[in-house]
Structure formats: structure tokens, C-alpha cells
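Participant: this one's sequence-less:
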């Protein structure tokens, strides 16, 4: 069992190395010594089925695992029913695209709390998630894993507890644990190995060892304020954190095979490689 590492979208080095379009991504990822890539659809699913399939073939040839980030404007917890129904459609669009790529994971933001309680927001998100699962089943896309993401701002739905509650609806739901977000929303809570291990134990206790071992993850260092996340940083930062070494050590300790996607600001491929190198230095 081993982890896969890769970037969310392209680092600045992608263009500097002469690459220009998405079908060159697999070659770039291979050259960077990585084995995963998360295609970004934050502003909408704008890749056609034919191009998605072509990207998938090229990635498969190089043993690169593809996942997809669904649109940021999904709001599974909206008090407006129309927005929740549209969110189901955005999830369906994302699922079609990643399926054409040969991937099976979509990362989803679940929404915010707004003027309602966290309990009410979670209840609405649970209902929307049930609709999304049914929509995937109806279209023959039951192979697609929806990965609700832990979020970095205090007013967003997406604490560890909330994400695990959503994932408990169906075995196909896999948590996307964004360690930078969790650290930012609680203003630097992740410092020791024990702090990180509490997350691993919570996943195992709520969802079981199988989904712990296959969890999805985002990682970056993130600046934060009283409201949580402010902006993504690079691994050069030594103020805000969190550090990635404890995560790699716990992946090895718990015999996990997650996909770790780096979201550093402009150096995501390079920083993903730093994580991969450290992971393999302790896994040998």
C-alpha cells in the first residue's frame, strides 16, 4: 500500500517549462516525479467528454491518478431549494467529467452556514447529498466517489465532524481531509503528531479502517486570521503551517494509501514532490 502525490492544477513551472495545454499535464506530472493530478473545475465544468477521455488515456499510460475539484459555488446547505437542486446538477456534471477521464473522485465544498445554525446547515447538506447519490446512481455513475472537503473558514460548513457525518451516509463517500484548512479554521491547532493523529483516529472511529486507508487529502500551508483561512502559502513558510511530516508519518503508520493533493500557491507540484520524497524516505 502506498500514497499518491500530486498538485491541484498547474504550478508556475508548468508554463516556465514550455507547457501550454491540459493534454500536456501527464507528461509534466511524470517529469516532476509525481503520480496524481486534480483537475480544477472550481469555476465550472468546462471540459468536454472527448477531451476528458483523451486526458484520461494519457494519464493512464503514465500511471497517474486523476481526480476533479467540483465547482466552488456548490451549496449543499443553502436554504434555497433551487440552489441545492442546482448543486446536485453541478455534482453530476463533475462526475461525468471525471468518469470520462477514467478517474473516480470528485472533491466538493458543501456550503456555508449563513444565518442558520450549523445543525440546520448540516441537515440540509445531508439531504442534498442523498439526492446527489441518487442522481449518480440513476445515470450509472455509482462508481464515482464524492469527497466532501473540510473547510478553512469558520462560517463554512466543513468541520471534521461535519464531513465525517456526511460520509457516514454511504460507503462510497470518502472524506477529503484538508489539513491546512483544519489548521486555519482553528487558528494553528495542528502542531504535534498527536494533533494530527486525532484526525486519523476520528476517521477510523466514524467510518472504519477501510475508508481511513483510502482517504483523499489536500495539503498546503495557509495563512489564517480570527475568521480562519486567509490565503494559501508555499512550503517556504515557517510561520503558519501546518507541517507535512507528521501526516506522512501517520500515513505510513496506519498503512494508508491516500491521494494527497498539494494546493500550495504556485509551487504545488514542487511541494507535492517534497511530501512524496519525505514519505518514501520513511517508508523504505
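Facilitator: Right, received. Where do you want to start? This one's a predicted model, so the numbers in the text were calculated from it and none came from an experiment.
Participant: can you list contacts of stretch 133-141?
Facilitator: The set of residues external to stretch 133-141 that reach it, using CB atoms under 8 Å, 6 or more residues apart in numbering, is 88-89, 91-92, 95-96, 99, 142, 144, 146, 169-170, 172-173. Bear in mind the C-beta positions are built from the backbone N, C-alpha and C, glycine included.
Participant: Could you check the pLDDT of residue 9?
Facilitator: pLDDT, residue 9: 97.
Participant: tell me what the one helix or strand residue 98 maps to is packed against?
Facilitator: Element membership for residue 98 (DSSP states H and E) is helix 81-101. Packing partners of helix 81-101 (3 or more CB pairs under 8 Å, 6 or more residues apart in numbering; DSSP states H and E): strand 36-40, helix 49-61, strand 65-69, strand 105-108, helix 118-138.
Participant: most neighbours per residue, which of the ones you listed?
Facilitator: Comparing those by mean neighbour count (mean count of other CB atoms under 10 Å), strand 105-108 comes out on top with a mean of 28.
Participant: same question for it, mean pLDDT?
Facilitator: For strand 105-108, mean pLDDT is 98.
Participant: For this protein, give me the ranges with low pLDDT.
Facilitator: Low-confidence segments of the chain, defined by pLDDT under 70: 1.
Participant: that older thread, mind listing what's buried along the helix holding residue 98?
Facilitator: Within helix 81-101, the residues scored as buried using 16 or more other CB atoms under 10 Å are 83-84, 86-88, 90-101.
Participant: ranges for the strands of this protein?
Facilitator: Remark: strands assigned in the chain by DSSP state E are 4-7, 36-40, 65-69, 105-108, 145-148, 176-178, 216-219, 222-225, 228-232, 259-262.
Participant: Residue 189 is nearest to which of those strands?
Facilitator: strand 222-225 (10.2 Å; CB to CB).
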